[in-house]
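Engineer: structure here, sequence nowhere to be found:
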Ligand SMILES: NC(=O)C1=CN([C@@H]2O[C@H](COP(=O)(O)OP(=O)(O)OC[C@H]3O[C@@H](n4cnc5c(N)ncnc54)[C@H](O)[C@@H]3O)[C@@H](O)[C@H]2O)C=CC1
Ligand SMILES: CC(C)(CO)C(=O)C(=O)O
């Protein structure tokens, strides 16, 4: 299978490198990362130790069987533009946040799948990516139900020794992942703490309340996410990634724009009363505004 990874930063480079063990992979990203990969190959460090030489370019190939989108949520429209002239069999968003699949569906003619990923990845130097935690990939139709493409994509990941499944419950799983990210990313970003600080510290109640608000909004949107399912997921992920600095905290550390609008926004800006999420979003947006990042 020929896989193009659009948004070859931390997560895209890690998954593309792992997939390159079994498939032809083209990492589509930006220099100097792309040039370094072309010159020296991709170095994967951390939990996985691998040096591999996928194709790498700043533009997408003319055709591919599968295109993975791993840009930040605020770059999804740009990723669709990058794929505009590519004959792709199927496109899968593996991003965090809500609405990425809609942005892609509105701009591309091929089937678009939703995906969640619990791998941890952090790009350090050009041509190098650290795997900070192995996880799982789940893909499926954004509207739910069975999908032959989802089965094919999950099989392709599995063939490359990546734990992957096809699910017919993606609406529920996308909202559950959102609850995890609202609960963990937003609170750890503002508290400047690793994920494990949410397990029994003073911020744990904030994370749980944000997760419950996310579940309330999910139910108002017709997705039956129970409060307890959301809070249990936050606790489980915080425990499993206790030493992680969440991707939003890494953005704060690097003085980069965060994904607050795609992750906390759907809850904070909703008509349902969500005072905790609204407070988290307001503080993160203020941090961005003060630095000219929005
Ligand atoms: N890093 C992680 O451990 C995890 C990240 N995620 C999610 O995955 C997504 C990506 O996150 P990261 O990899 O951390 O971000 P990142 O910022 O490291 O990588 C995104 C890359 O896409 C590139 N890019 C943007 N527009 C492009 C375009 N049109 N064509 C080609 N390249 C383009 C950027 O230059 C950047 O290098 C986010 O939604 C994040 O929340 C989800 C789970 C874990
Ligand atoms: C699962 C979690 C919270 C891991 O830190 C993540 O998705 C992120 O940091 O973006």
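Structural biologist: That came through fine. Given the structure is predicted, the values throughout are model-derived calculations rather than measurements. Ligands and ions are numbered 1, 2, ... in the order given.
Engineer: contacts, neighbours, all on C-alpha from now
Structural biologist: Noted.
Engineer: and whichever residue of the stretch 151-294 of the chain sits closest to ligand 1, what is it in contact with?
Structural biologist: Checking the stretch 151-294 of the chain residue by residue against ligand 1 with C-alpha to the nearest ligand atom singles out residue 247 as nearest, at 5.6 Å. Under the criterion of C-alpha atoms under 8 Å, 6 or more residues apart in numbering, the contact list for residue 247 reads residue 185.
Engineer: so that it lines up with my notes, have the first residue be 15 from now on.
Structural biologist: Yes, from this point I'll number from 15; that puts the last item at residue 261.
Engineer: from ligand 2, how far out is it?
Structural biologist: Residue 261 sits 4 Å away from ligand 2, going by C-alpha to the nearest ligand atom, to the nearest Å.
Engineer: per-residue confidence for that residue?
Structural biologist: Among the per-residue scores, residue 261 holds a pLDDT of 91.
Engineer: give me phi/psi at it?
Structural biologist: Taking degrees, to the nearest 10, you get phi -60, psi -30 for the backbone angles of residue 261.
Engineer: of all residues in this protein, which one is closest to ligand 2?
Structural biologist: Taking C-alpha to the nearest ligand atom as the measure, the point where the chain comes nearest ligand 2 is residue 260, at 3.4 Å.
Engineer: count of neighbours near that residue?
Structural biologist: For residue 260, the count of nearby residues is 24 (other C-alpha atoms under 10 Å).
Engineer: report the contact partners of the nearest residue to it once chain neighbours are set aside.
Structural biologist: Leaving aside its sequence neighbours, residue 260 sits nearest to residue 199 (C-alpha to C-alpha, 6 or more residues apart in numbering; 5.5 Å). When contacts are counted by C-alpha under 8 Å, 6+ apart, residue 199 is found next to 260-263.
Engineer: and which of those is nearest residue 281?
Structural biologist: residue 262 (16.5 Å; C-alpha to C-alpha).
Engineer: which SSE is that closest one in?
Structural biologist: Residue 262 is part of helix 261-267 when elements are defined by DSSP states H and E.
Engineer: give the next helix or strand downstream of that helix.
Structural biologist: For helix 261-267, the following helix or strand on the C-terminal side (DSSP H and E) is helix 274-277.
Engineer: quick one: is whichever helix or strand comes after that following helix near ligand 1?
Structural biologist: Once helix 274-277 ends, the next helix or strand along the chain (criterion: DSSP H and E) is helix 279-282. No. Where contact is defined by C-alpha under 6 Å from any ligand atom, no part of helix 279-282 touches ligand 1; the two come within 13.7 Å at best.
Engineer: list the helices and strands the helix or strand following helix 279-282 packs on?
Structural biologist: Elements were assigned by DSSP H and E; along the chain past helix 279-282, the next helix or strand is helix 289-304. Counting contacts by 3 or more C-alpha pairs under 8 Å, 6 or more residues apart in numbering; DSSP states H and E, the secondary-structure elements packed against helix 289-304 are helix 201-205, helix 218-234, helix 274-277, helix 279-282.
Engineer: and helix 289-304, how far from the chain's centre?
Structural biologist: Distance, stretch centre to chain centre, for helix 289-304: 21 Å (C-alpha atoms, centre = their mean, to the nearest Å).
Engineer: that helix vs helix 218-234, what angle?
Structural biologist: For helix 289-304 against helix 218-234, the angle by axes from the mean of the first three to the mean of the last three C-alpha atoms, to 10 degrees is 100 degrees.
Engineer: SS state for the residue nearest the centre of the chain?
Structural biologist: Residue closest to the mean C-alpha point of the chain, counted by C-alpha atoms, centre = their mean, is residue 109 at 2.8 Å. Using DSSP: H, G, I helix; E, B strand; the rest coil, the three-state assignment for residue 109 comes out as coil.
Engineer: which positions in this structure make contact with ligand 2?
Structural biologist: By the criterion of C-alpha under 6 Å from any ligand atom, the positions of the chain lying close to ligand 2 are 132, 195, 198-199, 258, 260-261.
Engineer: least confident of these?
Structural biologist: Model confidence across the residues of the chain next to ligand 2 bottoms out at residue 258, which has 85.
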